[in-house]
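Asks: Build me a structure from this.
(one chain, ligands or ions: 1)
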Amino acid sequence: MSTLPRILIVGAAGQVGMELQRSFSGRGAIVAVDRESVDLAVPDEVRALVRRVRPAVILNAAAYTAVDRAESEPELAMAINGVAPRILAEEALSLDSLMVHYSTDYVFDGEKQSPWVEEDQPAPLNSYGLTKLAGEQGIQQVGGRFLIFRTSWVYGPHGSNFLLTMLRLGRERERLTVVDDQIGAPTSAGELARATRQIVDGVLASKFGAPENWAGLYHMTCGGSTSWCGFARAIFARADKLLDGRVPVAAPISSADYPTPARRPKNSVLSNAKLEERFGVRLAPWPEALDAVLGELSAAL
Ligand SMILES: NC(=O)c1ccc[n+]([C@@H]2O[C@H](COP(=O)([O-])OP(=O)(O)OC[C@H]3O[C@@H](n4cnc5c(N)ncnc54)[C@H](OP(=O)(O)O)[C@@H]3O)[C@@H](O)[C@H]2O)c1
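Replies: Residues are numbered from 1 along each chain as shown. The predicted structure is shown next:
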């Protein structure tokens, strides 16, 4: 009989879900489910899944992540982002399992002039942020052995993200305009999964002691910060092979020049000090993580 812990990955087809499957490979008996196996908007399906699998660890990488669409589908976004995480946490508690969940910089209004810390007051500007905050609060109210990692500007080699959009547009155009007054930390899904695995390994090995020593909410992003325009310029400067040697120009514009249904915070930078102090884990600086993802994309050409 296997002594490996059973690990349930929810949202396995998403950016973070795919990287979690890679990072946790060999670490446990992995049950990876996507939307076809469970609809998070249906509470009974969520409960039935956990009761059937009986995992030692739940990694919830699923979410309603269409930030602009959430403005017109707030109920659906709330069911997936606000209600389902609480149900997963309740089921985890009844099994004494570890529950890992991801949240977002968009719980903040962006008005602070320095990096946000976990104790700062959330005040979401949009429906997505409101629903993600509800999810955090639901898990915290349930309690137990849980970890919530708030992250930002997630991208990777798969799925729908800023990097892949810039590469596509960069092949089509010589000049693009990109928002320059929103600051954040681009964070690769691979770095998130690697750090998550390191922390989960430590928790399962009782390295951090009792849950009261480690359970809680942590910020988890790559190091450093930039604007979306700065991120685009870094992509164009490093992706010559992927752009057939072309270097498109990224011209800065303000958020006011690029209206979207959902408002977004100006300062999204999260402080990772608590994560580093508690777990001794640090994600790579964002340019380094970008190089790794570009390297993977280039290798696949
Ligand atoms: N992306 C970002 O920039 C960002 C920033 C900060 C925080 N986060 C958080 O990081 C986590 C991972 O995000 P990500 O970028 O990996 O997201 P993603 O690529 O959009 O993946 C989310 C996954 O959730 C699945 N899903 C959506 N609705 C579902 C439902 N009703 N039932 C079951 N599965 C459902 C999606 O399936 P379908 O593909 O079938 O829809 C998708 O596979 C999320 O908690 C997100 O809020 C993301």
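Asks: how far away is the closest residue to the ligand within the stretch 1-150 of the chain from Tyr102?
Replies: Of all residues in the stretch 1-150 of the chain, Gly14 sits closest to the ligand, at 2.1 Å by Cβ to the nearest ligand atom. The way it works is simple: take the backbone N, C-alpha and C, and place the C-beta from them, glycine included. Using Cβ to Cβ, to the nearest Å, Gly14 is found at 10 Å from Tyr102.
Asks: neighbour count winner among those two?
Replies: A count of neighbours by other Cβ atoms under 10 Å puts Tyr102 above the other of Gly14 and Tyr102, at 27 against 24.
Asks: Please, which helix or strand holds the more buried one?
Replies: strand 98-104 (DSSP states H and E).
Asks: same thing with Val50?
Replies: Element membership for Val50 (DSSP H and E) is helix 43-53.
Asks: Now do the same for Met1: its pLDDT.
Replies: If you check Met1, the pLDDT there is 49.
Asks: oh sorry, the question was meant for Ala300
Replies: pLDDT for Ala300: 89.
Asks: Look up the closest residue to it, ignoring the ones flanking it.
Replies: In space, and not counting its chain neighbours, Ala300 is closest to Pro157: 7.5 Å by Cβ to Cβ, 6 or more residues apart in numbering.
Asks: That neighbour against Leu297, yeah?
Replies: Yes - Pro157 is within contact range of Leu297, at 5.4 Å (criterion: Cβ atoms under 8 Å).
Asks: who's more crowded, those two?
Replies: The neighbour count for Pro157 versus Leu297, taken as other Cβ under 10 Å, is higher for Pro157 (21 against 18).
Asks: so who does that one touch?
Replies: If a contact means Cβ atoms under 8 Å, 6 or more residues apart in numbering, then Pro157 has 293, 296-297, 300 as its contacts.
Asks: Kindly report the same for Asp291.
Replies: Arg238.
Asks: Nearest spatial neighbour of Gly156, chain-adjacent residues omitted?
Replies: Spatial nearest neighbour of Gly156, chain neighbours left out: Ala189 (3.6 Å); criterion: Cβ to Cβ, 6+ apart.
Asks: In contact with the one you found, which residues?
Replies: Contacts of Ala189 (Cβ under 8 Å, 6+ apart): 15-16, 18-19, 154-156.
Asks: What separation is there between it and Leu217?
Replies: Distance of Ala189 to Leu217, given as Cβ to Cβ: 20 Å.
Asks: What count of nearby residues applies to Val50?
Replies: 22.
Asks: Go ahead and confirm it touches Ala84.
Replies: No - assessed by Cβ under 8 Å, Val50 is found out of contact with Ala84, at 11.0 Å.
Asks: circling back to that earlier point, what about the residue nearest to Ala300, which helix or strand?
Replies: Remark: Pro157 resides in no helix or strand, with elements defined by DSSP H and E.
Asks: Phi first, then psi, for it.
Replies: In terms of degrees, to the nearest 10, the main-chain angles of Pro157 are phi -80, psi -10.
Asks: who in the chain is up against the ligand?
Replies: Proximity of the chain to the ligand, by Cβ under 6 Å from any ligand atom, involves residues 11, 13-17, 34-35, 38-41, 61-65, 80, 102, 104, 132, 151-154, 159, 189.
Asks: where does the stretch 51-200 of the chain dip in pLDDT?
Replies: By pLDDT under 70, the stretch 51-200 of the chain contains no weakly predicted segment.
Asks: quick one: the strands in it?
Replies: Using DSSP state E, counting those that start in this stretch, the strands assigned to the stretch 51-200 of the chain run over residues 57-60, 98-104, 146-151, 154-155, 175-179, 183-184, 187-188.
Asks: Touching the second one from outside, list them.
Replies: If I follow you right, that is strand 98-104. For strand 98-104, contacts defined as Cβ under 8 Å, 6+ apart pick out 16, 56-61, 63, 85, 88-89, 92, 128-129, 132-133, 135-136, 139, 144-152, 192, 196, 200, 203-204, 217.
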